[in-house]
Structure formats: structure tokens, C-alpha cells
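3D model of this:
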Amino acid sequence: MWQPMLPDKTLMAVGLALAASAVLSFIDNFVAPVSQEAGLWQFQVFRTLFAVPLLLVAARMSGRVIRPVNLPRLAGRSLAVSVGLLIYFAALGTLPVSQAGAGLFSAPLWVVLLSALLFRHRIGPVGAFAVVIGFAGALMLLQPDFANLTLLSLMPLAAGLFYGLGMMLTRHWCSDESAIALAIGIFVTIGAAGLIMLAVVTIWSGDTFITAPWTAPSARFLWLTLFQAVGAVIAVTLIAQAYRIGNPAVVAVFEYSFLIFASLWAFLLWGTATNPLAWAGIAVILLSGIVMALSQKEKANAPIAV
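Next comes the predicted model:
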């Protein structure tokens, strides 16, 4: 009798990961319209105000634990992830979602490098190959002008660096924390950073998305921010469930579908076409993710030396 290649739960996890990627890439396309209404820090404050109550309701309905197991470590992990996400959102104010996302999804590559530097983990030839082609794919998608490199050009990769650090700290510091506690930690940290930076830019303001001061929120801003917050909570819930029931190595590969969905949504919503080099970059990044996942799976299945 024919047997499916993947267990039923893993197939369900793949579906959840694809749904989460589709939702996230869709809502992130609306950060650019938000940037026309208010600044980054005001957006993050209101996004937190909308998202945290939704997460608390979700936790109560599902019976999930909210109380952190280790608050200092959760705070450190939340800070690293939040810095990465704030840089990503800052880039979304001027870059297409697929390009900003390319930098964010370099996070697994940074995890490999940081693990080797900080914890002396051996990369190995397969891991090194995945890192090299992964960064090559990110550059193909980002397509920076090397003759006129600016801080903005490097922002997506910086987002991936800090997000990767957060992923590594999740593994080493927060493996016993619930998904809800991890999500709330990020939103609260981002909201607090938003409040602090909103005070700063109110004193030293500018006319960019990052330096825009407080402005009276318009109805359009509130609806767009609520839409983004609800979508983020839905996506976080879906991906947490995917990792809970599925093989993490398999789920991680399908998270890269975010880049494909982002390009498709950008075309459907705004008529922004992705050029052939960028599509090639997405394919290379997907290949890197598959190689990385297979490498991690082999390590997990390897016999333990005694």
C-alpha cells in the first residue's frame, strides 16, 4: 500500500507554515502605506496596543502559559529579535517586502556563523556551502549598488543578523518558554522601544519613516495598523502550531515561501514585478534553506558518541 512521503502531522504543519507565510507577506505589504500616515515608532506603539490584548485572549482560550520561565533570559531574547524586526520594519518603509524579507531570512545563515563564533559549533562543508549560497541568493535579491552603498542597503542583512541572534538565544535560553510568552515578549519590547524612540524623535524629528514624530492618528492609520496586528497574531499562532506538531527542519524550509508570496502579493496589489535576477535569488535562498535543513536533520539523527 502506498504511503505518503511525510507523516500526516508534518503535512498539516507544512500547510500551517505556508498559510503563515502567505498572511505575513500580505500584511507586510501594507507597511509602506502606513509610512505615509505616521512614523515607524508610532506605528509600533499602536501595533503593540492592538496585538497584546489579542495574544492574551488567544492564550486564555487555548490554555497556554503566559508566565515566563526565566524573565531575564526571555528579555534578552526579546531584545535581540525586536532589534531585528524593527530594522526590518524600517526597511519596509522604502523597500519591497521581498527585498527586506531577503535580509530577514538570512537569519538561519547568521545562526550558523554565530554558533561557530560564540559556541564553537563546527559548521562543516555542507553548512559552509549553505551559508555561501544563501548570502549569494540574498545579494541577488537585494541587488545593492556597490558603487553607492548606504546604511539603507545594509539594513535588511542587519535585520537578519539580530533576528538570527534571537533564534539562537531561543534555542539556548528559552527552549522551555511557551510560544505565547515568546510572542508577548517581542511585542512588549517593540512597544517599549517605540515609546522611547517616539519621545526622542519628537525632540529631534525628521521627515523620514524612522525619524517622523508623533502625529494625530488618522482613521486610515488605525485601520492599517489594526489589520497588521491581527495578521501578525494569526501568523504567529499558525507558525507556532506548525513547529509544535511538525518536523522543525521541514517547517523551516517552507517558511522561505514568504519570499515567493511577498513577490506575488506585490505584483497583485501594486503591480510591482520581480525581475529575473531576483527570482533566481529566491530560488538560491530556497536551495540554501533546504541544504541547511537537511544538514540539521542529519545531525539530529546522527548517533551520539559515548
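
other SSEs contacting whatever helix or strand residue 283 lives in?
Remark: residue 283 resides in helix 276-301, with elements defined by DSSP states H and E. With contacts taken as 3 or more CB pairs under 8 Å, 6 or more residues apart in numbering; DSSP states H and E, helix 276-301 sits against helix 97-104, helix 107-119, helix 124-142, helix 248-255, helix 257-270. C-beta here means a position set from N, CA and C on the backbone, and glycine is covered the same way.

tilt between the fourth one and helix 107-119?
Looking back up the chat, that one is helix 248-255. Taking axes from the mean of the first three to the mean of the last three CA atoms, to 10 degrees, one finds helix 248-255 and helix 107-119 inclined to each other by 140 degrees.

i'd like the first residue to be 201 from this point on
Taking 201 as the first residue, the last one we looked at is helix 448-455.

low-confidence stretches in the stretch 301-450 of the chain?
Low-confidence segments of the stretch 301-450 of the chain (pLDDT under 70): 345-352, 448-449.

can you map out the strands along it?
Using DSSP state E, counting those that start in this stretch, no strands are found in the stretch 301-450 of the chain.

helices of that one, residue ranges please.
With helices called from DSSP state H, counting those that start in this stretch, the stretch 301-450 of the chain shows them at 307-319, 324-342, 351-373, 379-403, 419-445, 448-455.

which positions in the first one come out as buried?
When you say that, I think you mean helix 307-319. Neighbour-count burial for helix 307-319, with 16 or more other CB atoms under 10 Å as criterion, is recorded at 307-316.

cool, and the longest one?
Applying a neighbour-count criterion of 16+ other CB under 10 Å, the buried positions in helix 419-445 are 421, 424-426, 428-429, 431-443.

circling back to that earlier point, just put the buried residues of helix 307-319 in JSON lines and tack on distance to residue 219.
Below are these laid out as JSON lines (distance: CB to CB, whole Å):
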{"residue": "307", "distance to residue 219": "20"}
{"residue": "308", "distance to residue 219": "21"}
{"residue": "309", "distance to residue 219": "25"}
{"residue": "310", "distance to residue 219": "26"}
{"residue": "311", "distance to residue 219": "24"}
{"residue": "312", "distance to residue 219": "27"}
{"residue": "313", "distance to residue 219": "30"}
{"residue": "314", "distance to residue 219": "30"}
{"residue": "315", "distance to residue 219": "30"}
{"residue": "316", "distance to residue 219": "33"}
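
which ones are touching the spatially most central residue of the chain?
Most central residue of the chain, judged by C-alpha distance to the mean C-alpha position with CA atoms, centre = their mean, is residue 304 at 5.8 Å. By CB atoms under 8 Å, 6 or more residues apart in numbering, residue 304 lies in contact with 284, 288, 356, 359-360, 363.
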